[in-house]
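# just a sequence and a predicted model for now, questions to come.
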Amino acid sequence: MITDVFSVEQLRLLSSHPHLIGHLVGKDKLTDLHSEWIKAVWLPQAHTALQAHRGGYKTTAVTEIGIIWRLLFHPNTRIALIRETWTESNSTLKTIAQYMQTELIAELFRAMHGAYPRMTTQRDGRLTFNFKASITKEGSVDAYGVDTVPTGSHYDDIITDDVVTIKDRFSQSKRERTKANLQEIMTNILDPGKFLRSVGTPWHKDDAHQVLPEPLKYDCYSTGILSAAQIEEKKKTTTPVMFAANYELNHINDSDALRRDP
């Protein structure tokens with residue numbers, strides 16, 4: 001069933017340019033570059049990873065809009081959304097729920113699936129939609145912290161978003177714990193033959209990105225998102241170590257760090 005709001009041609013356009021779904025909810029700073037990111041992370045039949053500079057809208061594009069795009073064309077997919085903490089992950093989940101309740105997104109799903117999307121489960125940590133025909137204990141999208149994914153849950157797609165943070169820069173024990181958690185997730189939480197998707201920013205040469213796939217990298221000079229003036233301002237207000245990690249996606253000598261492995 002196709003409504004008079006979205007034509008078949010428009011649905012095809014959204015399929016190949018998913019950043020336009022962001023425009024439907026007011027995220028008009030997303031560009032074709034963000035469509036490239038969404039497709040590079042969500043489409044391959046392989047584990048994928050993307051690293052992009054701070055302020056590049058990677059969470060908005062790849063995690064929030066990417067999940068909606070995934071569910072639009074794969075409505076039975078079980079997705080686990082993992083951030084460093086459950087609180088952060090649940091906050092992102094609530095944002096996705098708000099997007100799904102907007103008029104244009106509702107019309108978009110009606111155009112694809114013949115009925116308006118309705119949340120059959122909406123509680124902290126879980127969203128399940130009426131277009132999910134398969135019956136599973138997992139929801140359409142479940143939210144977890146990197147160290148709170150329960151054994152016994154299994155997913156078709158897992159998206160990790162900024163599970164490596166500044167804490168991983170200063171604490172070796174935190175780095176090793178994050179690595180172990182990701183290995184457990186990839187080995188025992190993903191269904192066999194399914195894939196982990198990762199977006200984030202590196203913080204240390206030995207952080208958990210070492211157990212993830214070789215990432216696509218987009219530093220602050222390559223995206224055009226930040227102007228030259230904005231980049232210079234970031235340099236002035238950020239230590240060289242932090243600027244290199246957050247905006248150039250590089251690791252340099254951390255001699256100006258305040259402490260190591262507290």
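Looks like it arrived, so ask away.

# burial of Ala180, as a residue count?
13 (other CB atoms under 10 Å). C-beta here means a position set from N, CA and C on the backbone, and glycine is covered the same way.

# now it: phi and psi?
phi -60, psi -40 (degrees, to the nearest 10).

# in stretch 83-96, what counts as buried?
For stretch 83-96, a neighbour-count test (16 or more other CB atoms under 10 Å) marks Arg83, Glu84, Thr85, Trp86, Glu88, Ser89, Asn90, Thr92, Leu93, Ile96 as buried.

# OK, contacts around the last one?
By CB atoms under 8 Å, 6 or more residues apart in numbering, the residues touching Ile96 are Glu64, Ile67, Ile68, Leu127, Val141.

# repeat that for 10 Å
63-65, 67-68, 71, 79, 81, 105, 127, 140-141, 143 (CB atoms under 10 Å, 6 or more residues apart in numbering).

# which one is the most centrally placed residue in the chain nearest to, not counting chain neighbours?
The centre of the chain sits closest to Thr63, judged by CA atoms, centre = their mean, with a distance of 2.8 Å. Counting by CB to CB, 6 or more residues apart in numbering, Asp161 is the residue found nearest to Thr63 once chain neighbours are left out, at 4.7 Å.

# that neighbour: how many residues sit nearby?
The burial count for Asp161: 22, using other CB under 10 Å.

# pretty sure it is touching Val62, no?
Yes: between Asp161 and Val62 there is a contact at 7.7 Å, judged by CB atoms under 10 Å.

# and the next helix or strand past the longest helix along the chain?
The single longest helix within the chain, with elements called by DSSP state H, is helix 86-100. Heading C-terminal from helix 86-100, the first helix or strand you meet, by DSSP states H and E, is helix 103-113.

# can I get stretch 201-211 in CSV, CA atoms only?
The C-alpha trace of stretch 201-211 is given here as CSV (Å, rounded to 0.1, in the frame of the first residue of the first chain):
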residue,chain,number,x,y,z
THR,A,201,36.3,8.1,18.2
PRO,A,202,39.7,6.6,19.2
TRP,A,203,41.2,7.6,22.5
HIS,A,204,44.3,5.4,22.9
LYS,A,205,46.5,3.3,20.6
ASP,A,206,45.6,0.2,22.7
ASP,A,207,41.9,0.9,23.2
ALA,A,208,39.0,-1.4,22.2
HIS,A,209,39.1,-0.3,18.6
GLN,A,210,41.9,-2.8,18.3
VAL,A,211,39.4,-5.7,18.5
